[in-house]
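Asks: how would this look folded up:
(one chain, ligands or ions: 5)
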Amino acid sequence: MYVLAVLCVLHLFFSVPMSSQDWPLDCVPRKTIPYHSDNGKLFREDQVWNYTMMVLRDDLGLVILGARGVIYALDINNISNKKASVNWDVTDEQQEECKYKGKDSEIECQNYIRILHVTEDGSMYVCGTNAFHPMCDYMNYKDGQLILQNDQEDGKGKCPFDPFQKYSSVWVEGELYSATSMNFLGSEPVVMRSSPDPIRTDFKSSWLSEPNFIYMDHIPESENSPDGDDDKIYLFFSETAVEYDFYHKLAVSRVARVCKGDIGGQRTLQRKWTSFVKARLDCPVLESQLPYLVQDVFRSCPADWSTCVFYAVFTPQMDSSDYSAVCVYSMHDIQQVFTEGKFKTPVTVETSFVKWVMFSGDLPAPRPGACIDTATRKMGINSSMELPDKTLQFIRDRPLMDQEIQPVNNRPLLVKKGAAFTRIVVASVVALDGASYHVMFIGTETGSILKAVHYGKDNAGEAFIIEEVQLFQPSEAIKILRLSDSTGHLFAGSEVGVVQMPLSSCGRYRSCGDCVLARDPFCVWDLTSARCTSLSPVHSQGDSKVIQSLQDGDVSSCPPPEKAKLVNITFVPGSNVKLGCEPISDLAQLLWHVGGRALVRSDQHHFHRDSLMILNASVGDAGHYSCWSLERSHGHEHRRLGAEYRLTLGTRTRGGLELPTSPQAQSSNGGMVGMQVLVALLSVTLVALVAWNYYKGHLTLLPCKLGGRQEHPEGSQGDVASTLQPLQSTEEKPPGPAGNSNNNHGNQEHALSMDGHAAEESSI
Ligand SMILES: *[C@@H]1O[C@H](CO)[C@@H](O)[C@H](O)[C@H]1NC(C)=O
Ligand SMILES: *[C@@H]1O[C@H](CO)[C@@H](O)[C@H](O)[C@H]1NC(C)=O
Ligand SMILES: *[C@@H]1O[C@H](CO)[C@@H](O)[C@H](O)[C@H]1NC(C)=O
Ligand SMILES: *[C@@H]1O[C@H](CO)[C@@H](O)[C@H](O)[C@H]1NC(C)=O
Ligand SMILES: *[C@@H]1O[C@H](CO)[C@@H](O)[C@H](O)[C@H]1NC(C)=O
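Replies: Ligands and ions are numbered 1, 2, ... in the order given. From the prediction side, this is the model:
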C-alpha cells in the first residue's frame, strides 16, 4: 500500500515534465536583472500621469511624448532632458459636461493624448480624449518650442471617447486611418479613413463585434506589383467570435485589411469599405483550449514588403493560464488566405440560430474584398464605385474568411510563464557571422523587459531569452515601447513614467564564457581587452580578435581563465557547513565534487541554487570540494569551476564550542538533543521541498524547448535529480537555534560567490 502511494507520487512528479518534452513549455531568461536606476534613464514629472503615447523624431533628435493633458519634447539621447512641453487641458465647460454625463472627473474627464503622427511636411497630428469629447489638432516643434496650432477638429471616429478603450491608428499619405469607437457609449466600433469623404465599416456584428483594436499598419503592396495591386491597411484586433458555438462569449484574434484606393460602393456599401475582409489569427498554445488574444504587434521587414513578418504577443483570455506567447505571421501567409481562401457564410439552422459555415458556392466576379487591380480594370472597373452589386452584397454579408492564419512553423516562437506580455518591438542586428538576427524586446505587466533573440539554422525559428530587466519599481505595466535604431535605445512608457534603456549592456557579462553563452548579437568578447563589448563595424572588418557564437553558444575559443582560489574551512563535528557557489546564469546548474567524485544528494547534503549545505558535518566530510557551474546550449556543455574549498576537521574545545577558523565557514554546534530533533524534522521538510522544487524546477528550468528538441541533459532524470539541484527560490536558513550559530552570513555571501573569485572554465 505504502509502496503504491510512493509510486503514485513519483509518477505525478515525473510524468508531467516528460510528457511535454516536445512542446515549448516555457522559456526561462538566462539572466534576471533586478531593478536598478542604472538600468535606464527615467523621465517623469510630478502630478503628471499616463505616459503612454510616443513617437520618435530622429530627424529632430526628439522623443515626442503624450501624457495626460500635456505633450513633451525630450532629448532622444537623454530622455531625462526635457526640451519643451505644451499643455492641452480640458476646458472647465467640457469637464462639467463630462461629469454631468456620469463620468469620473479626476480620471475620465481628462485629456489623454491618444494619437500622435508625423505628417508629410514634418509637423504632427495629435488627438486627445478631451473629457469624452475627442479633438484633434496639428502641432509643430519650432525654435525649441512645441506649438499646438489651436485649429481643433472633431476627433470622433479617430480617437476614443473613453481613455480605457483600446484603439489604433496609422497615418498614410496625409490621411488618418483609425480603429476606435465613434460614440460616447463606446458601442459603435469603426475602422475608418478620415479623408474629406470618410469611408468606414458597417455597423454590423458580422463586421466588428465588441472589438479590442490593437495595431494598424500600411503595407505598400502596389510597389512593383505585377498585378497592378493596391496598397493595403492591415488591422490586428480581438473580438467576440460569431463563428463558434460556445457556452460563453468567446473572443478570438483577427487580422483584417482594407485597400487604400477603396472609396466605397455606388448603391450598396455607400461610403463603406468594399474591401473589408478579416480572418482568424491563431496562436496555438496547447495549455489552453480557449484561444489566446493578441495584445500587440510589431512589423519587421528585412527587404521589400513581401518579406515582412508580424511579431505578435498573445495572452490567455479569462485568465485561463499564466502563459504568454509570441507568434510570428508572414505577409505571404496572410495574403494567401485573403486572396485565395474561402469565405464563411451565415446559415440559419432551426428557427433563428445562425451558424457560420464555409461558403462553397461560386464567388461573384470580381472577387469580393479584392482591391482594384489590372484584371479588374480590364473588366472596365476602375474604382470600387464601379464594382457590381453582387460582389458588394457578398462582402457586405460575409467579411469573414473560412481559413485561419497560422503562425510561422505552426507554433509559437516563444512561450513564457509569469507576468503577462503587453508590448513588443523587434530590432534587426547584423551579427559577427554576417547574418541578420531579430532581437525581441517584450514589455510585461510587471514592468520588466524580456530581451530574446530569434535565431536558428534554416529559419527553424527558435527563441532564447537573453535576459529579463526590471525597469519600473514598484512594478508598472509597460504600455508603450519604441525602438530607436539611430541611438540604439529602447523607450518604455508606463502610467508613471518613461525609461530609456540601451539595447545592450555587454559590460554585464564579466567572463568570456558568460559573454558568449549570453548569445546576444549585440555583444562580443574582445580578446585583446578581455572584456565583453558592443559589436561595432570595426569588429566585423576582422582587425581585432573577438568571439561570438550565436547559433551554438560555443565557448571553446574562449581563453582558459585563471584558477579559482582555494578557500580553507575548518569545521567542528556536528556543525552545519555552508559552501557558497554562484551559478553562471539562471540556466546553469551546480555540480559539486568531493575528492574528485560527484557528490550525491542525501539527508545530510543539500544542494541549493547558490550553495551546498552539509548538515551535522562529521569527520568523513573533510576533503577537497569543487563546485562546477554547468550550462548547456545546443548540445554544447559548458562547465566552469565556480569555487574550491578544503574542509578540515577542527578540534572541539572543552567549553563545547569552537569558532571556525575561517570567516567563510558557517557552522553551529550540534550538541543539543533539541537541535537534533529539529534537524531531523527540517531534513524531512527539505526533502519534500527539494522534491517539489524538482518537479517545479522542470517547469521553469529549461530554456526554450521547441519542436522536440531535447535540451535536457543526457542521462536519466533521476541521475540529474541526484546531482543537480534546480532553482530554489528561497534561501535556506541554517537549521539549529539561531542564537547558537556563528552566522556570519553577511560577508559570506560575497566572499564565497563565484564573482569574487577567479574561476576556471572549460568546454566539454
Ligand atoms: C492614468 O494613470 C493613473 C495613475 O497610474 C491611473 O490610475 C489611471 O488609471 C490611468 N488612466 C488610464 C486611462 O489608464
Ligand atoms: C541627462 O539629462 C539630465 C537632465 O538634464 C542631466 O541631469 C543628466 O546629467 C544627463 N545625463 C547625461 C548622461 O548626459
Ligand atoms: C477606366 O479608365 C480608363 C483609363 O484611365 C478609361 O479609358 C476607361 O474608359 C475607364 N473606364 C470606365 C468604365 O470608366
Ligand atoms: C589552505 O591550506 C593549505 C594547506 O593546509 C595551505 O597550503 C594553503 O596555503 C591554505 N590556503 C589559504 C588560502 O589559506
Ligand atoms: C550526527 O552525526 C553523528 C555521527 O556522525 C550521529 O551520531 C548523530 O546522531 C547525528 N545527529 C543528527 C541530529 O543527525
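Asks: rest of the way, CA atoms for contacts and neighbours
Replies: Fine.
Asks: how many residues are close by residue 556?
Replies: As a burial measure, the neighbour count of residue 556 was computed by other C-alpha atoms under 10 Å and equals 18.
Asks: which parts of the stretch 101-250 of the chain are helices?
Replies: Per DSSP state H, counting those that start in this stretch, the stretch 101-250 of the chain carries no helices over any range.
Asks: then the chain?
Replies: 2-19, 92-100, 331-340, 374-378, 389-397, 512-517, 537-540, 673-701, 717-723, 745-752 (DSSP state H).
Asks: residue 510 contacts residue 532, correct?
Replies: Yes: applying C-alpha atoms under 8 Å as the test, residue 510 and residue 532 come out as touching, 6.8 Å apart.
Asks: for the residue of the stretch 551-700 of the chain found nearest ligand 3, grab the count of nearby residues.
Replies: Distances between the stretch 551-700 of the chain and ligand 3 by C-alpha to the nearest ligand atom are smallest at residue 551, namely 53.5 Å. Other residues lying near residue 551 total 14 when counted by other C-alpha under 10 Å.
Asks: from residue 150, how far off is it?
Replies: Using C-alpha to C-alpha, to the nearest Å, one obtains 54 Å as the distance from residue 551 to residue 150.
Asks: equivalent analysis for residue 327, please.
Replies: As judged by C-alpha to C-alpha, residue 327 and residue 150 stand 42 Å apart.
Asks: the two: which has the busier surroundings?
Replies: Remark: of residue 327 and residue 150, residue 327 carries more neighbours, 26 against 11, as counted by other C-alpha under 10 Å.
Asks: residue 510 and residue 532: which is more packed in?
Replies: For the pair residue 510 and residue 532, the greater number of neighbours falls to residue 532 (26 against 14), based on other C-alpha under 10 Å.
Asks: wait, doesn't the more buried one sit right on residue 520?
Replies: No: no contact is recorded between residue 532 and residue 520 when judged using C-alpha under 8 Å, the distance being 10.6 Å.
Asks: what sits against residue 389?
Replies: Listed by C-alpha atoms under 8 Å, 6 or more residues apart in numbering, the contact partners of residue 389 are 267, 268.
Asks: need the strands for the stretch 51-200 of the chain, in chain order.
Replies: Assigned by DSSP state E, counting those that start in this stretch, the strands in the stretch 51-200 of the chain fall at 53-57, 62-66, 70-75, 78-87, 113-118, 124-128, 135-142, 145-148, 153-154, 168-172, 175-181, 189-193, 199-200.
Asks: which strands and helices sit next to the second one?
Replies: Contact analysis of strand 62-66 by 3 or more C-alpha pairs under 8 Å, 6 or more residues apart in numbering; DSSP states H and E lists strand 53-57, strand 70-75, strand 113-118 as its packing neighbours.
Asks: most packed of the ones you listed?
Replies: strand 113-118 (a mean of 25; mean count of other C-alpha atoms under 10 Å).
Asks: what pairs with that one, parallel or antiparallel?
Replies: Partners of strand 113-118 in the sheet, by DSSP bridges, are strand 124-128 (antiparallel).
Asks: which residues touch the strand it pairs with?
Replies: Residues outside strand 124-128 that contact it (C-alpha under 8 Å, 6+ apart): 111-119, 134-140, 155, 158-159.
Asks: with just CA atoms, put it into PDB.
Replies: Output of strand 124-128 as PDB, limited to C-alpha atoms (Å, rounded to 0.1, in the frame of the first residue of the first chain):
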ATOM      1  CA  MET A 124       2.500  66.400 -36.200                       C
ATOM      2  CA  TYR A 125      -1.200  65.400 -35.900                       C
ATOM      3  CA  VAL A 126      -2.400  65.000 -32.300                       C
ATOM      4  CA  CYS A 127      -5.700  63.800 -30.800                       C
ATOM      5  CA  GLY A 128      -6.800  63.600 -27.200                       C
END
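Asks: give me the pLDDT for residue 728.
Replies: You'll see residue 728 listed with a pLDDT of 30.
Asks: repeat that for residue 654.
Replies: If you check residue 654, the pLDDT there is 46.
Asks: which stretches of this protein have low pLDDT?
Replies: When residues are selected by pLDDT under 70, those of the chain lie in 1-25, 246, 287-288, 456-460, 540-544, 651-764.
Asks: residues of it that sit close to ligand 4?
Replies: Counting by C-alpha under 6 Å from any ligand atom, the positions of the chain adjacent to ligand 4 are 566, 567, 568.
Asks: try 5 Å
Replies: For the chain, the contact set with ligand 4 under C-alpha under 5 Å from any ligand atom comprises residue 568.
Asks: pick out the residue nearest the middle of the chain.
Replies: With the centre of the chain defined as its mean C-alpha position, the nearest residue by C-alpha atoms, centre = their mean is residue 442, 3.0 Å away.
Asks: ok, now how distant is the residue lying closest to that one once chain neighbours are set aside from residue 601?
Replies: In space, residue 442 comes closest to residue 424 once its chain neighbours are excluded; the distance is 4.5 Å by C-alpha to C-alpha, 6 or more residues apart in numbering. When distances are taken as C-alpha to C-alpha, residue 424 and residue 601 turn out to be 42 Å apart.
Asks: the more surrounded of those two?
Replies: For residue 424 and residue 601, the more surrounded residue by other C-alpha under 10 Å is residue 424, and the numbers stand at 27 against 17.
Asks: residues near residue 427, how many?
Replies: Counted with other C-alpha under 10 Å, the burial measure for residue 427 works out to 18 neighbours.
Asks: also residue 538?
Replies: Residue 538, neighbours per other C-alpha under 10 Å, totals 9.
Asks: around ligand 3, which positions in the protein sit nearby?
Replies: Proximity of the chain to ligand 3 is assessed by C-alpha under 5 Å from any ligand atom, with 380, 382 identified as the residues in range.
Asks: closest residue of the protein to ligand 2?
Replies: Closest residue of the chain to ligand 2, C-alpha to the nearest ligand atom: residue 81 (3.9 Å).
Asks: coming back round to it: of the contacts of strand 124-128, list those near ligand 1.
Replies: With respect to ligand 1, and counting by C-alpha under 5 Å from any ligand atom, no part of the contacts of strand 124-128 is in contact.
Asks: up against ligand 2, what does the protein have?
Replies: So far as C-alpha under 5 Å from any ligand atom goes, the chain lies against ligand 2 at 78, 80, 81.
Asks: who is the closest residue to the first one other than its chain neighbours paired with across the strands?
Replies: If you skip the residues right next to it in sequence, residue 78 has residue 41 as its closest partner in space, 7.2 Å away by C-alpha to C-alpha, 6+ apart. Beta-bridge pairing of residue 41, defined through DSSP bridges, involves residue 500.
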